[in-house]
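Q: Could you look at this predicted model? Sequence included:
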Amino acid sequence: MPTEARQDPSPHPAPDPVPGARRPGRPGHVLVLGGTGEGRRLAELLHTDGVRVTSSLAGRVAAPRTPPGEVRIGGFGGPAGLADWLREHAVDAVIDATHPFASAISFHAARAAAEAHVPLLGLRRPGWAPAEGDDWHPVGSLEEAARAVPGLGGRVFLTTGRMGLAAFASVDAAWFLVRSVDPPEGDRPPRMRLLLDRGPFTLDGEREVLARHRIDVLVTKDSGGAATAPKLAAAREAGVPVVIVRRPPVPEGVEVVPGPPEAAAWAREVLGRG
């Protein structure tokens, strides 16, 4: 007698979903590449919406302000490592809300999102624009800024962060007031004073800094935003020239929005919550 075929009581596993496609019945998962005020605000908006949000911080600040939701600190191991992380953690969308000058992670994110087939959005606060009375000297890099300083002044307020001080290590014709959140490491200007502080800053406070230290030139990056903008107004009032480093380009083909509300709306649309 022919043997009756035995039925497997368990259903066959469903085929793998299209990479980057949200699985039905699962809440959306958004990875926010953060470390900025905009990134924290975006995480708050998404968390309030009930979205699973993971904020990734580079770990360059000793005591970062952590947003709501899940937080991871440290790098991913390049674009390939980030692509693997997106797949392993079932990420539905990536929002790059890093600092406008964190260009390496932005380009890594673009490559990783394309490889993992995950939608990517850039969140970039608008850059600053000169106002009447400003004496701005735009440059393309910190090295160009260092070369411009000796011709503009001898007492420099340097607000470009602690990571780029090596560019000014050979400038011995000027004295530097260096402001950063954490103490710098590595090469630095030979004549300098360190001012540890974290924004937001006030106009009155910036006026006092310029006057107390007899600052005659300001060096900054075009970071944009209101938290550190008062130094520009104080420099304008005091007739202090500003060496301002232009922003690096964003990856080609990546949509960019100016604020957290627009980024949250994009996420809702991607997740089908709009």
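A: Looks like it arrived, so ask away.
Q: so what secondary structure elements neighbour the strand or helix carrying residue 177?
A: Assigned by DSSP states H and E, residue 177 belongs to strand 175-180. Using 3 or more C-beta pairs under 8 Å, 6 or more residues apart in numbering; DSSP states H and E, the elements in contact with strand 175-180 are strand 155-158, strand 192-196. For the C-beta atoms, the positions are set from N, CA and C on the backbone; glycine is no exception.
Q: Compute the inter-axis angle for it and strand 192-196.
A: Interaxial angle of strand 175-180 relative to strand 192-196 (axes from the mean of the first three to the mean of the last three C-alpha atoms, to 10 degrees): 20 degrees.
Q: after the lowest-mean-pLDDT helix or strand in the chain comes which helix or strand?
A: None of the helices or strands of the chain scores lower by mean pLDDT, DSSP states H and E than strand 70-73, at a mean of 93. Next helix or strand after strand 70-73 toward the C-terminus (DSSP H and E): helix 78-88.
Q: residues of that following helix that come out buried?
A: 79, 82, 83, 85, 86, 87 (16 or more other C-beta atoms under 10 Å).
Q: pLDDT (mean, whole number) over that helix?
A: In this model, helix 78-88 has an average pLDDT of 97.
Q: Residue 223 is in what secondary structure piece?
A: Using DSSP H and E, no helix or strand contains residue 223.
Q: Output the buried residues of helix 78-88 as a markdown table; include the columns distance to residue 71.
A: Shown next, in a markdown table, are the buried residues of helix 78-88 (distance: C-beta to C-beta, whole Å):
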| residue | distance to residue 71 |
| --- | --- |
| 79 | 22 |
| 82 | 16 |
| 83 | 21 |
| 85 | 14 |
| 86 | 17 |
| 87 | 20 |
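Q: Tell me which other helices or strands the least confident helix or strand of the chain touches.
A: If contacts are counted by 3+ C-beta pairs under 8 Å, 6+ apart, strand 70-73 sits against strand 52-57.
Q: Report the mean per-residue pLDDT for the strand it packs on.
A: Average pLDDT, strand 52-57: 95.
Q: Partner strands of that strand, with direction?
A: When pairing is defined by DSSP bridges, strand 52-57 lines up against strand 29-33 (parallel), strand 70-73 (parallel).
Q: Now do that strand: everything it contacts.
A: The contact list for strand 52-57, computed with C-beta atoms under 8 Å, 6 or more residues apart in numbering, reads 27-35, 39-40, 43, 46-47, 64, 66-73, 76, 89, 91.
Q: Count the residues that sit near the nearest residue to residue 216 once chain neighbours are set aside.
A: Excluding the flanking residues, the one nearest residue 216 by C-beta to C-beta, 6 or more residues apart in numbering is residue 153, at 3.6 Å. Close neighbours of residue 153, defined as other C-beta atoms under 10 Å, add up to 19.
Q: Validate this expectation: residue 153 resides in a helix.
A: No. Read with DSSP: H, G, I helix; E, B strand; the rest coil, residue 153 is coil and lies in no helix.
Q: Helix, strand or coil: sort out residue 219 for me.
A: At residue 219 the chain is in strand, as set by three-state DSSP.
Q: which residues of this structure fall in helices?
A: 37-48, 78-88, 103-116, 142-148, 203-212, 230-238, 260-270 (DSSP state H).
Q: about what we covered before: adding distance to residue 271, write the strands paired with strand 52-57 out as a markdown table.
A: Output for the strands paired with strand 52-57, formatted as a markdown table (distance: least, C-beta to C-beta, whole Å):
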| stretch | distance to residue 271 |
| --- | --- |
| strand 29-33 | 8 |
| strand 70-73 | 16 |
